[in-house]
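*Asks:* give me a model of this one.
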Amino acid sequence: MKKTMLYWGAILIAIFSAAAVMFFLGHVPEERDIYSAIPQPDENEPYIFLIGEGKSFSLDPGDILFQKMGKDIPYRNELASFFPLFSKSDSGALLIRLEDKDLKLLGSIRFNFNDLQVLSSGEIPREWVGLEGYVLKKGEDDSFQLFSPGSSEPLLMKKNGGMILISDSTSGLEEMIGTLAGDLENIKVEKNDKYPNHAKINDAGLLSQIGALYGIQVKPGRVLLRADWMDVEGSGELEWKISGLNQIIPGQFLHKIQSRKWKEYLLFPSPNLFAAGINIPNINEDDYKILGLEKWQEDLGISPDKFREIISGPMVLNVSGKSKFLLFSFPGLILQLIGRGQSGLDFVDLFWSRKWGAFRPSMDLMEGYERGGSSSLPLSLVAAANNDLAVMGFMEKELLEKREKASVALPIMEKDDQSVVWFFLDGPGLSKTLENLITASSLAEKMGSPMADKTRVIMESSRKLEKMGKVSFVMKSLEKGRIRWENVELVSRD
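*Replies:* Residues are numbered from 1 along each chain as shown. Have a look, this model is predicted:
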């Protein structure tokens with residue numbers, strides 16, 4: 001009995017050992033960094049470098065970006081061919097490099113074991129949706145040619161361990177093989193481990209050259225953008241950092257862009273559909289003429305100096321809450337000017353006397369404000385100010401009682417609430433509001449109002465906003481910032 005058990009035990013161990021050997025011989029874990037095959041590009045030549053999870057490449061450029069390009073754009077089809085293939089991988093690294101006025105494409109991709117085996121046999125996995133029409137032609141020594149619809153030239157591929165190297169040229173493949181062998185230096189990657197996806201864009205002086213062509217006063221210099229992000233089913237976050245702006249932007253302009261702490265208690269009426277804050281730099285006479293502000297100033301009937309005082313400084317625009325006009329309800333719209341002092345008080349007086357004087361007899365005073373007030377008939381109108389805050393626009397009075405800090409209303413600001421500009425957009429909320437506006441337009445049409453003429457435009461805007469999801473954005477300085485999105489439909493096939 002013992003001999004029988006030993007006999008069968010030995011057979012099972014032999015079978016298990018053989019299976020393990022066969023498995024690991026054909027499936028060596030790939031431990032190299034996915035970007036270890038990408039050579040370090042020349043910093044004096046423009047390039048774009050992307051690295052991340054395969055799904056991060058699933059943004060369909062054929063539908064979003066490349067459909068807007070003419071068919072004669074160089075490398076249009078080659079670029080469009082890369083992204084669907086990368087989107088099926090576990091991870092990938094892609095370098096798009098401009099070399100001697102010629103675009104060069106290099107990539108390294110890691111697939112799961114099953115997909116790698118199918119590709120190694122010269123086939124495209126059948127379950128890969130979106131790659132219908134792609135044909136893989138197997139060559140010698142683990143090399144392949146990938147033919148994609150619309151592209152006249154195949155992409156060249158080569159298996160190297162657990163990675164697939166891919167390029168639009170033989171020299172590109174040779175560069176990557178040489179990089180893996182240590183003959184060339186691989187690309188430097190500075191990444192934030194908080195995020196799985198990373199990008200680096202080097203303009204190599206292109207921005208300053210383009211600016212000079214258009215007569216913009218810029219200095220020669222190189223700009224480098226780094227971004228790190230994550231995305232899970234249309235929701236995610238991205239942080240970016242730009243270096244080199246101080247080399248190309250004139251100092252007198254760069255110093256005007258100042259970040260600030262948004263520590264004031266401001267108005268964010270519910271529902272908060274859109275809110276944006278910006279710190280407008282001090283505007284001098286030259287800026288005044290360049291921006292074409294004379295017409296606004298003349299329309300308000302105030303001096304240029306007074307107008308510059310009013311518009312310079314922090315301000316917030318809200319689309320939120322509720323306002324009424326006769327029988328119709330609309331989202332509210334208010335502008336908040338922060339810290340304007342006497343200029344804000346004078347501006348509110350001017351608002352009521354010059355622009356909305358007919359409503360002044362029905363104006364109600366508002367608690368906490370020295371000047372101005374609100375009116376409810378025939379529309380919800382507010383213009384009130386104290387030394388710290390001037391508020392004007394269209395909003396129901398009772399929605400203007402509660403205040404909170406921007407960092408509370410917009411969690412993306414968190415504790416580091418110092419920024420130049422920020423905004424929040426609730427796409428689905430605005431879409432629903434516009435749908436209600438369509439209903440109001442139908443009633444307006446029966447009452448003979450021309451508002452109904454805009455129904456089609458409103459419907460189109462509503463559909464687009466719904467797909468945008470909720471987006472929050474904060475630019476902490478001219479060089480860095482963060483954006484967060486929720487439930488965004490990345491690809492529109494309308």
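
*Asks:* tell me what Phe424 is bridged to.
*Replies:* Ala275, Ser472 (DSSP bridges).

*Asks:* I figured it hits Met413, correct?
*Replies:* No: using CB atoms under 8 Å, Phe424 is not in contact with Met413, being 9.6 Å away. Every residue, glycine included, has its C-beta placed from N, CA and C.

*Asks:* between those two, which is the more surrounded one?
*Replies:* Phe424 (25 against 22; other CB atoms under 10 Å).

*Asks:* and the nearest residue to Val382 once chain neighbours are set aside, what element?
*Replies:* Nearest residue to Val382, sequence neighbours excluded (CB to CB, 6 or more residues apart in numbering): Ser374, at 4.3 Å. Per DSSP states H and E, Ser374 falls inside strand 371-375.

*Asks:* downstream of that strand, the next helix or strand is which one?
*Replies:* That would be, after strand 371-375 and using DSSP H and E, strand 381-385.

*Asks:* does Leu106 count as helix, strand or coil?
*Replies:* Classification of Leu106 using DSSP: H, G, I helix; E, B strand; the rest coil returns strand.

*Asks:* so it makes contact with Glu99?
*Replies:* No: the pair Leu106 / Glu99 is not scored as a contact, 10.7 Å apart, by CB under 8 Å.

*Asks:* show me the contacts for the residue lying closest to Asn197 once chain neighbours are set aside.
*Replies:* Excluding the flanking residues, the one nearest Asn197 by CB to CB, 6+ apart is Gly52, at 3.0 Å. Neighbouring residues of Gly52 by CB atoms under 8 Å, 6 or more residues apart in numbering: 91-92, 196-198.

*Asks:* can you give me the neighbour number for the residue nearest to Val382?
*Replies:* Neighbours around Ser374, by other CB under 10 Å: 22.

*Asks:* gap between it and Ser353?
*Replies:* 16 Å (CB to CB, to the nearest Å).

*Asks:* same deal with Gln117?
*Replies:* Relative to Ser353, and taking CB to CB, Gln117 is found at 79 Å.

*Asks:* which of those two has more neighbours?
*Replies:* Neighbour count, other CB under 10 Å: between Gln117 and Ser353, Gln117 has more, with 14 against 11.

*Asks:* is the more buried one in a helix, a strand, or coil?
*Replies:* helix.

*Asks:* look up how far Thr179 lies from it.
*Replies:* 25 Å.

*Asks:* what of Ser89?
*Replies:* 19 Å.

*Asks:* list the contacts for the residue nearest to Val382?
*Replies:* Counting by CB under 8 Å, 6+ apart, the residues that Ser374 touches are 363-364, 366, 380-384, 395, 397, 400.

*Asks:* kindly report the same for Met157.
*Replies:* 136, 143-146, 164-166.

*Asks:* same check, this time on Glu285
*Replies:* With CB under 8 Å, 6+ apart, Glu285 has these contacts: Pro304.

*Asks:* again with Asp141
*Replies:* Lys158.

*Asks:* that one belongs to a strand, doesn't it?
*Replies:* No: looking at Asp141 with three-state DSSP, it is coil, so not inside a strand.

*Asks:* closest one of the contacts of Ser374 to Asp346?
*Replies:* Ala383 (11.9 Å; CB to CB).

*Asks:* is it true that that closest one touches Trp352?
*Replies:* Yes: assessed by CB under 8 Å, Ala383 is found in contact with Trp352 at 5.9 Å.

*Asks:* can you pull out the helices in the stretch 251-400 of the chain?
*Replies:* Secondary structure of the stretch 251-400 of the chain by DSSP state H, counting those that start in this stretch: the helices cover 251-254, 285-290, 294-300, 304-311, 342-350.

*Asks:* which other helices and strands contact the third one?
*Replies:* Taking 3 or more CB pairs under 8 Å, 6 or more residues apart in numbering; DSSP states H and E as contact, the helices and strands that helix 294-300 lies on are helix 304-311.

*Asks:* buried subset of the contacts of Ser374?
*Replies:* For these, a neighbour count by 16 or more other CB atoms under 10 Å gives the buried set as 363, 366, 380-384, 395, 397, 400.

*Asks:* picking that back up, which one of Leu106 and Glu99 is surrounded by more residues?
*Replies:* Leu106 (27 against 12).

*Asks:* who are the contact partners of the more buried one?
*Replies:* With CB under 8 Å, 6+ apart, Leu106 has these contacts: 38-39, 94-95, 97, 165-167, 172, 175-176.

*Asks:* and the least confident of those residues?
*Replies:* Ranked by pLDDT, those bottom out at Arg97, which has 90.

*Asks:* in which helix or strand does that residue reside?
*Replies:* Going by DSSP H and E, Arg97 is in strand 91-99.

*Asks:* what packs against that strand?
*Replies:* Short answer (3+ CB pairs under 8 Å, 6+ apart): strand 91-99 packs on strand 47-53, helix 76-87, strand 102-110.

*Asks:* out of these, which is closest to Asn202?
*Replies:* strand 47-53 (5.3 Å).

*Asks:* sheet partners, orientation included, of the closest one?
*Replies:* Strand 47-53 has these strand partners (DSSP bridges): strand 91-99 (antiparallel), strand 197-202 (antiparallel).

*Asks:* could the ones you listed be laid out in JSON lines, adding distance to Lys256?
*Replies:* Listed next are the strands paired with strand 47-53 as JSON lines, based on distance: least, CB to CB, whole Å:
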{"stretch": "strand 91-99", "distance to Lys256": "33"}
{"stretch": "strand 197-202", "distance to Lys256": "25"}
